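Asks: Got a predicted structure here, sequence first:
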Amino acid sequence: MQARTVRWSWPVIVVALVLAFLLGIAVILPGVPRTTAQSVREFWLTAQGAQVSLEGGVVWNAWTYNGTVPGPTLRVRVGDLVRVHFTNNLDRIHSVHVHGLRYTVENDGSQAYPDSMPAPGETYTYTYEATRPGLFYYHCHSSDGGTISYHMLKGLYGAIVVYPADQWPPDPTYEFVQFFAEAPTDPGLAYVINGGQASEHALWDLVNTQGYAGALQTLKDAGVRVVPVNQELTFYLIGIGNEYHSWHLHGGNPVYVNGQAAEGDVVPLGPGSVATAKVKLANPGIWLIHCHLVFHADAGMVTLVIAE
Amino acid sequence: MQARTVRWSWPVIVVALVLAFLLGIAVILPGVPRTTAQSVREFWLTAQGAQVSLEGGVVWNAWTYNGTVPGPTLRVRVGDLVRVHFTNNLDRIHSVHVHGLRYTVENDGSQAYPDSMPAPGETYTYTYEATRPGLFYYHCHSSDGGTISYHMLKGLYGAIVVYPADQWPPDPTYEFVQFFAEAPTDPGLAYVINGGQASEHALWDLVNTQGYAGALQTLKDAGVRVVPVNQELTFYLIGIGNEYHSWHLHGGNPVYVNGQAAEGDVVPLGPGSVATAKVKLANPGIWLIHCHLVFHADAGMVTLVIAE
Amino acid sequence: MQARTVRWSWPVIVVALVLAFLLGIAVILPGVPRTTAQSVREFWLTAQGAQVSLEGGVVWNAWTYNGTVPGPTLRVRVGDLVRVHFTNNLDRIHSVHVHGLRYTVENDGSQAYPDSMPAPGETYTYTYEATRPGLFYYHCHSSDGGTISYHMLKGLYGAIVVYPADQWPPDPTYEFVQFFAEAPTDPGLAYVINGGQASEHALWDLVNTQGYAGALQTLKDAGVRVVPVNQELTFYLIGIGNEYHSWHLHGGNPVYVNGQAAEGDVVPLGPGSVATAKVKLANPGIWLIHCHLVFHADAGMVTLVIAE
């Protein structure tokens, strides 16, 4: 049987090439993630001082990451390699210790690995892996000159949100990060949400003096956050102090935590605990958010949101 | 083509009318709920004083809704419109603020809407919607003359139970509502369940003195609640104070909370938190219920139930 | 019709007997469990004193079951009848009260049945049924000479683990039982895990002085528990004191509680509450375990685990 030259017409060749191309894609595609480098997400944190004004004219000399309490929220994606470049610009040893990310002991930022706790003026780079979604946080683990809890209460904490791979990039428009803590100030422990305070007495006075519409405008001008009615809001809640706190939003019902409607409409925040709460405000207005360990609300653990 | 008169025989007309009637029903039916009035459930609450006797001869000058601590339990059904007619018969500003019901800001009963907090001698009517089942509560949100937490600890709180639509009318025969709180009394904070106290020392003395059968009868005569063995009991538990509490029932195992058997046989009750616990007592006897923050039990946060 | 003698051949008779035998088994079998004795599991507990060394040279005069804080872990199987033979070798009334097992009032070990609380030198035998799996605990319920909470804080507590029937015998190789409590000592309340303390300051000094490898060996020599990397560990966690605690393990992520990955990487331990946490250490090293009510960690509520 003699050799035979196959003669393909142009249309047949085009079809064959297209098929081969599609086949090639089909073979290569599943391998693509394996050959792509893991995303590296980098953050720069600097320990530095800040003065925070609280109710009653109290000034709190805070220790912060990057000048705010809490420090910046680290938003990463499951699968990311996370690098934190930490510079200690305060006059004691400080560190970054994370929850919820995976790390080796060199990145622990604790007393188990002193080299990971830089002295004043020094820097340290921490590397972590984001292996699962969730709400976590970072904080200083140093006790230099006192206790670890003092370093934390002074303001050295911030949130970490690890988003599922299919929810990236995240849209933080209607996200709220709220840390509940005690702040060591000159007159004593102050109860703060994100390092700030508000007073229910003052709110009463404001609405009584200006009327409801006037007070609403004053609060908006003062920077109180405004959200649309029936917009789903996400609250990332973290209890970072030594006392038990309890989150309550007026006008928000139901509040969902892990997909379950919270009975009682209160979200518990034990020391070190977190919760991700999802809620819509069904009606417009000035709505209180406060600790439902009500003595803390009386002491300033109050904030507001406006729905319209 | 000329006009034509359609001649229907009587049977045809009857069939046509029946069909039209059925069609009409089909069209109208989905709209029926919209035209039916929502059930309106009304309650009358009056802020008034009461003297409550605690252990050791202590008399607590309580502030109450309707004369009892807690105030009456508001039992409503999902879908109800709820109206609370509140009269303030005390000498400070007071209010009603609810959890778990839906409301506009005019019904908030808080500092965000001062008009919803009536002065002494005044009344205010609050309107809410019951949109989902669950255990909730109401409390005073005023801080007149002091703090909000003081107004609450003085006794101004009560339970709200929203029953699913298909569990109405409810049968409260084997329901227990138990508020765990601290009461401000002359000698200091007292730990109370529903504004009352009991002493484990006194129980020991009673049983040692009268024998078990004698003590059982004495307790029954004194009004301790008696339930059948193996009857499912529902405990509506609410932590309304500033301290953490923890509910424990002797002889009850398992305790179910949200359908899950509680490991440890203890139900946590953080400040502002609630839990609905279901349990059967497998054996007859005098059974203790107490705070498992045991120092509180030592201080009187104890009550009893008898199974037989 | 006359009487007829049935003549069976031997083979027929053999077959008939075999069939009757099998039928008899079929009838009897379902009843077998009723005639077999329930497994009885017996334990002997003795209330006795012990001196426990804490940080800073403090000696704690503890009251214990069998000489250790906590007392021995009672491991039983669902379905077991459990007997605890209790001897009181201390000089006050003491008792054993259990959570999670089923019992009659004679076995309550509380003030509701004083006879179940033996005087000094006396013994009492408690009988319980293990009806469901889970983590529970036992403790003294006496208030003789003071309060119940004092009796408990002095060290009279231990764990109960009820294993599912199909997980027997249990393998406790990688189980940890950890009680978080306050201990009344001469200088004041001490924060202890299993009656012991550790210091993060001391760990810092050790690693700084000996280097990481040296410190690791020192800790191993001192008896710190060593587990393999990626081995699933089970932590039976119990908050037995009057204060809120919060469990955090460095390097462990995720921590599963009831099959759910714990957001925040912290396990709440309210007074009386328990949690069963499952976790693998992904990387080798010295890993801290401490209360994340961080003031408690600062005060000694710290322990270690080594992964390699």
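Replies: Good, I have the coordinates. Computed from a prediction, not measured in an experiment: that's the story for all the values here.
Asks: C-alpha only now, for contacts and for neighbours.
Replies: Fine.
Asks: which SS class is residue A:152?
Replies: Three-state call for residue A:152 (DSSP: H, G, I helix; E, B strand; the rest coil): helix.
Asks: list the contacts for the nearest residue to it once chain neighbours are set aside?
Replies: Residue nearest to residue A:152 in three dimensions, not counting chain neighbours: residue A:140, with 6.0 Å by C-alpha to C-alpha, 6 or more residues apart in numbering or on different chains. The contact partners of residue A:140, taken as C-alpha atoms under 8 Å, 6 or more residues apart in numbering or on different chains, are A:94-97, A:109, A:148, A:151-152, A:156-157.
Asks: Recalculate using a threshold of 6 Å.
Replies: A:95-97, A:156 (C-alpha atoms under 6 Å, 6 or more residues apart in numbering or on different chains).
Asks: Equivalent analysis for residue A:245, please.
Replies: Contacts of residue A:245 (C-alpha under 6 Å, 6+ apart): A:269, A:291.
Asks: which strand residues sit across from it in the sheet?
Replies: Note on residue A:245: beta-bridge partners by DSSP bridges are residue A:269.
Asks: Quick check: residue A:194 touching residue A:181?
Replies: No - the pair residue A:194 / residue A:181 is not scored as a contact, 7.8 Å apart, by C-alpha atoms under 6 Å.
Asks: Between these two, tell me which one has more neighbours.
Replies: Taking other C-alpha atoms under 10 Å in any protein chain shown, residue A:194 and residue A:181 do not tie; residue A:181 has more neighbours (28 against 21).
Asks: which residue packs closest to the more buried one, ignoring adjacent ones?
Replies: residue A:241 is the one closest to residue A:181 (C-alpha to C-alpha, 6+ apart), at 4.4 Å.
Asks: How many residues are close by that neighbour?
Replies: The burial count for residue A:241: 28, using other C-alpha under 10 Å.
Asks: Show the pLDDT at it.
Replies: Confidence at residue A:241, expressed as pLDDT, is 98.
Asks: now do residue A:6
Replies: Value for residue A:6, per-residue pLDDT: 43.
Asks: How about the one 3 residues further on?
Replies: Looking at residue A:9, its pLDDT stands at 60.
Asks: What of the one 5 residues further on?
Replies: pLDDT recorded at residue A:14 is 56.
Asks: Spell out the secondary structure type for the residue nearest to residue A:181.
Replies: Reduced to three states by three-state DSSP, residue A:241 is coil.
Asks: Next one: it relative to residue C:291, how far apart?
Replies: 12 Å (C-alpha to C-alpha, to the nearest Å).
Asks: swap in residue A:208?
Replies: Distance from residue A:208 to residue C:291, by C-alpha to C-alpha: 45 Å.
Asks: next one: phi and psi at the residue nearest to residue A:152?
Replies: The phi/psi pair for residue A:140 (degrees, to the nearest 10) reads phi -70, psi 140.
Asks: Distance check, it against chain C.
Replies: 11 Å (C-alpha to the nearest C-alpha, to the nearest Å).
Asks: any idea which helix or strand comes after the least confident helix or strand in chain A by mean pLDDT?
Replies: One helix or strand of chain A scores below all others by mean pLDDT, DSSP states H and E: helix A:32-35, with a mean of 39. Downstream of helix A:32-35, the first helix or strand assigned by DSSP states H and E is strand A:40-53.
Asks: what's the next secondary structure element after that following strand?
Replies: Next along from strand A:40-53, by DSSP H and E: strand A:59-65.
Asks: Name every strand pairing with the following helix or strand past that following strand and say which way it goes.
Replies: Following strand A:59-65 in sequence order, the next helix or strand is strand A:74-77 (DSSP H and E). Here strand A:74-77 is paired, per DSSP bridges, with strand A:157-163 (parallel).
Asks: So what angle separates the directions of the strand it pairs with and strand A:59-65?
Replies: 40 degrees (axes from the mean of the first three to the mean of the last three C-alpha atoms, to 10 degrees).
Asks: and the angle from whatever helix or strand comes next after strand A:157-163 to strand A:59-65?
Replies: Taking DSSP H and E as the definition, the helix or strand that follows strand A:157-163 towards the C-terminus is strand A:175-185. Here strand A:175-185 points in a direction 130 degrees away from that of strand A:59-65 (the same axes, to 10 degrees).
Asks: Quickly run through the sheet partners of strand A:175-185, with directions.
Replies: strand A:188-193 (antiparallel), strand A:233-239 (parallel).
Asks: between the ones you listed, which gets nearest to residue A:44?
Replies: Residue A:44 sits nearest to strand A:233-239 of all the strands paired with strand A:175-185, at 21.7 Å, using C-alpha to C-alpha.
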